[in-house]
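> just to be clear, the model below is a prediction. Sequence and coordinates:
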Amino acid sequence: MDKSNIRAGRLTSAQYAETFCDIHPPLDQKMAAFESSRCYFCYDAPCMEACPTQINIPEFIRRISTENTLGAGTEILEANILGGTCSRVCPVEILCEQACVRNTSEDKPVTIGLLQRYATDYVFKAVESGKMKQPFTRARATGKKVAVVGGGPAGLSVAHRLAMLGHDVEIFEALPKTGGLNEYGIAVYKMLDDFAQREVKFLLSIGGITVHNGKRLGKELKLVDLRSKYASVFLSIGLGGVNALKLEGEDWPGVMNAVDYIAELRQCKNYSKMQVARDVVVIGGGNTAIDIAIQSKALGAENVTLVYRRGSSDMSATGYEQELAQTRGVKIVLWSRPVGLEGSSAGVRGVKFEKTRKNAKGELEGTNEFFVVPADHVFKAVGQLLLPEVQELEVVKGKFKVDARGETSVKGVYAGGDCIAHKEDLTVAAVQDGKISAYAIHEALTGEKLSGKGMKDYKAIAALDAARVLNHPAHIHGGLGKQKIGTTVGGAR
Ligand SMILES: Cc1cc2nc3c(=O)[nH]c(=O)nc-3n(C[C@H](O)[C@H](O)[C@H](O)COP(=O)(O)OP(=O)(O)OC[C@H]3O[C@@H](n4cnc5c(N)ncnc54)[C@H](O)[C@@H]3O)c2cc1C
Ligand code: SF4
């Protein structure tokens with residue numbers, strides 16, 4: 001292998017700063033005022049229906065437009081405690097912004113994601129500067145303890161909501177840092193300024209949540225022990241395994257799992273230390289494939305080719321993401337599947353592909369036409385898998401089987417996030433799973449009926465938030481008397 005083909009320091013520090021800069025710079029006050037003025041504050045707003053956490057979008061935008069930014073941020077965080085992350089990483093082009101009625105009138109939605117970031121950043125700054133405490137308070141202690149395994153978005157969401165409801169929570173996280181893929185997976189240019197850790201700190205400041213890092217279920221912990229020690233268990237372990245290409249040479253130097261490389265990149269403080277090949281091939285068609293391709297380019301790779309076995313509309317990466325990759329210099333090759341790796345145990349030198357097509361039955365088949373793309377780095381991004389760390393639970397299509405409220409096949413054990421089946425594995429979906437299971441766990445532990453309706457129905461959840469009046473001693477001592485869950489202490493609204 002020509003060692004010079006994989007090396008660090010391909011760019012100058014000014015170039016790294018440019019290639020990894022914030023993909024959507026935040027709005028300033030004037031821009032936020034203008035954008036919020038574009039909202040029609042629709043009744044039965046379609047943007048809100050399209051948000052998996054059902055944030056009251058017209059309401060928070062209205063608050064921005066009346067300069068109640070703290071109230072806007074609180075409104076968002078009530079529905080989605082990871083609203084700061086979601087404002088940065090949500091594929092809004094297929095969620096709220098796709099549904100915005102402004103698309104029909106002028107082909108340009110209200111920039112809901114950026115407004116959400118404007119409002120949540122405002123709350124974060126106020127809390128971080130000591131001007132205010134986290135806007136959420138805890139209910140009277142129930143004396144119940146819940147174990148949460150996995151400290152990613154689903155685990156953090158369930159933990160925060162349970163803490164609000166008065167339960168004590170212990171999070172067991174395998175890795176040294178909490179945050180899951182927010183910390184180790186999301187593309188650098190979407191999550192700058194150590195935002196994942198700042199958000200974890202903010203979220204934990206509610207109290208009642210203890211995090212144990214370096215504790216892995218299946219190694220240091222056993223489900224049977226957690227079940228006997230805790231009133232309930234929530235599993236949010238994500239998908240720790242990765243699919244293989246099943247080709248000879250997959251263990252050669254230069255062939256890597258995209259998620260491992262991305263995790264290394266996310267922890268890297270100096271991008272000039274990251275090694276990258278001159279010629280890179282990425283295999284896959286999802287978020288991870290797009291992210292590794294763009295970030296390889298950002299590290300200075302000359303030729304980055306993303307190859308997917310089907311067509312553009314079959315890719316789970318959105319049209320916007322595909323376009324972004326192309327504008328950043330990534331070449332996308334469709335209808336081609338890898339059939340062999342070129343090289344030796346000294347290092348990979350390229351990937352052989354076969355062109356594909358759909359046959360009359362709609363199945364994928366090879367066309368017997370082959371081509372080779374040279375590469376010294378081959379990144380595999382062909383999907384992630386649930387690791388067989390928990391044997392006791394029923395699994396369907398490779399994920400934990402759960403009911404509508406997140407309860408698994410074992411009573412008292414709930415699960416959410418990427419380790420259960422979704423239409424799309426997204427941060428926002430994981431947050432909603434955590435919220436739904438928190439209510440279900442609360443009901444099971446206290447017998448207190450929070451809602452008679454399906455927990456997937458936000459309106460039911462919102463109604464129970466509004467209906468549940470707390471008698472938390474802190475409120476009484478603070479002179480606030482009765483207060484509903486999720487309200488700010490100090491009247492930010
Ligand atoms: C590269 C990449 C980029 C992505 N980009 C986006 C994006 O831009 N926008 C978006 O919406 N979504 C994106 N996603 C998807 C999103 O990150 C996930 O849907 C979300 O993080 C799921 O949250 P989770 O809590 O279920 O799992 P995770 O975030 O994976 O967290 C699981 C946690 O559990 C821990 N854990 C695992 N096993 C154990 C164990 N046995 N014991 C204890 N702890 C354990 C892990 O260390 C981890 O901290 C991306 C995913 C990837 C892989
Ligand atoms: S659909 Fe668009 S215009 Fe209507 S409330 Fe939502 S953001 Fe505002």
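Done, it's in. Numbers count the residues shown, from 1 in each chain. Ligands and ions are numbered 1, 2, ... in the order given.

> pLDDT below threshold where in the protein?
1-4, 450-493 (pLDDT under 70).

> wait, does the top helix by length along it contact ligand 1?
Counting by DSSP state H, the longest helix found in the chain is helix 427-446. Yes: looking at helix 427-446 against ligand 1 by C-beta under 6 Å from any ligand atom, the contacts come from 427-428, 430. Backbone N, C-alpha and C define where each C-beta goes, glycine included.

> between those, which sits nearest ligand 2?
residue 428 (16.2 Å; C-beta to the nearest ligand atom).

> partners of residue 336 in the sheet?
Beta-bridge pairing of residue 336, defined through DSSP bridges, involves residue 355.

> quick one, what contacts the residue minimising distance to the centre of the chain?
For the chain, the residue sitting closest to the mean C-alpha position, by C-alpha atoms, centre = their mean, is residue 427 at 2.5 Å. Residue 427 sits next to 82, 85-86, 89-90, 153, 181-182, 186 when contact means C-beta atoms under 8 Å, 6 or more residues apart in numbering.

> can you say which helix or strand has the one residue in the stretch 101-250 of the chain that gets nearest to ligand 2 in it?
Residue of the stretch 101-250 of the chain nearest ligand 2, by C-beta to the nearest ligand atom: residue 110 (3.9 Å). Under DSSP states H and E, no helix or strand contains residue 110.

> give the burial count for it, as a bare number.
23 (other C-beta atoms under 10 Å).

> can you check residue 308 too?
26.

> isn't it right up against residue 282?
No: Residue 308 lies out of contact with residue 282 (C-beta atoms under 8 Å); the separation is 9.1 Å.

> give me the common contacts of these two.
By the contact definition C-beta under 8 Å, 6+ apart, residue 308 and residue 282 are jointly contacted by residue 289.

> quick one: contacts for the residue of the stretch 51-200 of the chain found nearest ligand 2?
When scored by C-beta to the nearest ligand atom, the stretch 51-200 of the chain has residue 100 as its residue closest to ligand 2, at 3.4 Å. Residues counted as contacts of residue 100 (C-beta under 8 Å, 6+ apart) are 46-47, 109-110, 112.

> redo that, cut-off 10 Å
With contact set as C-beta atoms under 10 Å, 6 or more residues apart in numbering, residue 100 has these partners: 38-40, 42, 45-47, 50, 57, 92, 108-112.

> separation between it and residue 91?
Counting by C-beta to C-beta, to the nearest Å, the gap from residue 100 to residue 91 is 14 Å.

> residue 385: what's its closest spatial neighbour, skipping adjacent residues?
Leaving aside its chain neighbours, residue 385 sits nearest to residue 241 (3.6 Å; criterion: C-beta to C-beta, 6 or more residues apart in numbering).

> who are the contact partners of the one you found?
257, 259, 383-389, 398.

> export those to TSV and tack on distance to ligand 2?
Output for the contacts of residue 241, formatted as TSV (distance: C-beta to the nearest ligand atom, whole Å):
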residue	distance to ligand 2
257	38
259	34
383	33
384	33
385	37
386	36
387	40
388	43
389	41
398	36
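
> now for the residue in the stretch 251-400 of the chain positioned nearest to ligand 2, how many residues are close by?
Nearest residue of the stretch 251-400 of the chain to ligand 2 (C-beta to the nearest ligand atom) works out as residue 320 at 17.6 Å. Neighbourhood size, residue 320 [other C-beta under 10 Å]: 15.
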